[in-house]
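Peer 1: 3D model of this:
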Amino acid sequence: MSMAPVTEIEIEDVGIYRLPNMWQFSRINRIRGPNRAIAPLAFGLGMTIPQFKKLPAEKQREVLAAYHQLTAPPPMQRREEGPRPPRSWERLSRERMMELGRELLAVKKRLPRGHFLPWIEKESGISYHAARRFMRAAKEADR
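Peer 2: Numbers count the residues shown, from 1 in each chain. Reported below is the predicted structural model:
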């Protein structure tokens, strides 16, 4: 049973928050100053920036949390099959390094920009330095 992705979040006493559409984002890109950070939150509620600023701080935080929830990538599921991450004391063969490097490059390609390093630190079980070595070995082997 697969669940459909969440596209809107109801915020009590405020309304339904949806991510801004392309037209709204083109408008946001033209805004300068501190209002630019507020604009996606206000537009997602169908409000103007002054209307959004009149909301209580608690409701503004709820809208920000909804924005982050809608834009965050889904958590990565660790595969049960396939190679396990190396132990810190374990010496790896060149083939094993390349295999891990190819797997890491595939994960990096799937993740949005800026999410690979946090994924490495939290979910992979491999240090960032080691991950870079493995990916470099895979790239050199594929040349």
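Peer 1: by contact count, what packs against the helix-or-strand element of the chain with minimal mean pLDDT?
Peer 2: Taking mean pLDDT, DSSP states H and E as the measure, helix 116-119 is the helix or strand of the chain with the lowest mean score, a mean of 83. Counting contacts by 3 or more CB pairs under 8 Å, 6 or more residues apart in numbering; DSSP states H and E, helix 116-119 is packed against helix 94-110. C-betas here are computed from N, CA, C, even on glycine.
Peer 1: ok, now with 10 Å
Peer 2: Contacts defined by 3 or more CB pairs under 10 Å, 6 or more residues apart in numbering; DSSP states H and E place helix 116-119 against helix 94-110, helix 128-142.
Peer 1: as JSON lines, the ones you listed with distance to Ala37 would be great.
Peer 2: Shown next, in JSON lines, are those (distance: least, CB to CB, whole Å):
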{"stretch": "helix 94-110", "distance to Ala37": "28"}
{"stretch": "helix 128-142", "distance to Ala37": "29"}
